[in-house]
Every structure is written in C-alpha cells, then in structure tokens.
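J.: Fold the following.
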Amino acid sequence: MPASGPDHEAIPAATVILVRDGIEGVEALMLHRNDRGPFGGMWVFPGGRIDPGDLEPDHDEEAAARRGAVRETLEEAGLVIDADSLVAFSHWLPPPVAPKRFATWIFLARAPEGDVVVDGGEIHNHDWVRPADAIARRDAGEIELAPPTWVSLWQLSSAGDVDTALDAARASEPERFETHMAKDGDALAAVWRGDVAYDDGDLARPGARHRLYLAADGWRYERTGTDG
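T.: Numbering: from 1, shown residues only. Down below sits the predicted model:
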C-alpha cells in the first residue's frame, strides 16, 4: 500500500466539463487520452495538473484551478474559455492508496464557439456525448471512465438543457468528494461522506448510501439520505 504523508500529497489539478445543447439534449466534450500516464486510454474532460504559472501570490486555490482549467482546455482542445465563465461543480480527492493522487477541481461551462482541435499525441480523439450515452458506453465496454468522470456525467444526465445544468450548479456549493474504497466479497465500491460505510468500510450495514459500485456488469450509483 502506498504511503500517505508529505511524499504522497495529492497533486492540484483542474478540469472543465464543456457542455452544449444538442438535438437530443445536453452534450459534453470528452477527450480520449493516449495509453500513457495515470489516465491512459480513458475518456476524460479537458484538464490536467495546476502549473506553477497558474499560481499567484494570494494562493487562492480555486482561482489557480480556474486558470489551470483555461490553459489546459486551450492546450488539449484548442478552445478559448473565460475563467469567469466557469462554475465550480465539485472537488475530488482520491484515496491514499491511489498510486498517483490528483486533488481535482471540476468546473462546468458552456462550450465556446470554434472547432475542437486535438494534438493527436496526448489526446487521440474527441467526441460530444450525451452523459447517459457515455455511461452506457462504459458499461458496454466501449470506453473507459474514471469514477469522478462517471459521477459527473450521472449528475448532468438529468439536465434538460445547458441553462438548467448551469443554473443548478450556480445554486449549490461545489460538493467535495473524498474517496474511500470498500469491499464486501466481490462487491467493490467507492464511498463518500454521508455513507454509512464511509469510516469502517462495512458495505452491508443498513443505513445511508453515498457510493458507486464498480461492478463488472455495470457501475451503479447509490445516494440515499445522509449518515451522521
């Protein structure tokens, strides 16, 4: 098990979900990463680690994340976005056992005008995808998604249009997901605060649920009330 502590601190990162109104509902821009790196082969939103150049003397974490998201979107997708247009959506921290941890701000924004341009190196391809379709494609084994990407898509899947999605995000505080992993027999789940199993990992115990079951035949998100 990798050690926690100063040598295993999470790397600050930022990503942005760019959304547009499609014929059949909201569509999100997704990028297909090459096979190298911690997210190799996965479909992701534009983003990456926060660079020293994104930091300013005030050490405002969210402001640095916004600058990083703007820079990464230009580098990875060739799109210019305004940092002020980004709506803070969520913040994610992987479990200490993760071999490489990224403390990631996820923002939501309306997609700008212009064509998506990927470099063919770090990013192989791109697509505009309805959130529910991306989830279905993952369950069918057609694409790979990381849990934060999956949950973000699930959260957006009920939005009828971009305005509705942005209004909902603006009306709430960005939720912080600090992930714990738990296992019960063959059942493996990512567990978040508010779940009865968050502290002790007992997935079978009755109580509130806030978890993502990572089953081979399809991932399943459960959220029922809060615990404690």
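
J.: Mind listing the strands the longest strand along the chain pairs with, and their directions?
T.: When secondary structure is assigned using DSSP state E, the longest strand within the chain turns out to be strand 11-22. Strand partners for strand 11-22, identified by DSSP bridges, are recorded as strand 25-33 (antiparallel), strand 47-49 (antiparallel), strand 102-110 (parallel).

J.: so how far is it off the chain centroid?
T.: Averaging C-alpha coordinates over strand 11-22 and over its chain gives two centres that are 8 Å apart (CA atoms, centre = their mean, to the nearest Å).

J.: tell me which residues in that strand are buried?
T.: Counting neighbours by 16 or more other CB atoms under 10 Å, one finds that the buried residues in strand 11-22 are P12, A13, A14, T15, V16, I17, L18, V19. To be clear about C-beta, it is placed using only N, CA and C from the backbone, and glycine gets the same treatment.

J.: got it, and stretch 139-146?
T.: Neighbour counts over stretch 139-146 (16+ other CB under 10 Å) mark D139, I143, E144, L145, A146 as buried.

J.: cool, and stretch 118-127?
T.: V118, I123, H126, D127.

J.: returning to that earlier point: let me know the closest of the buried residues of stretch 139-146 to L166.
T.: Looking at these and their distance to L166, the nearest is L145, at 22.4 Å (CB to CB).

J.: tell me the contacts of that closest one?
T.: In this structure, L145 makes contact with M42, W43, A134, I135, R138, L153, judged by CB atoms under 8 Å, 6 or more residues apart in numbering.
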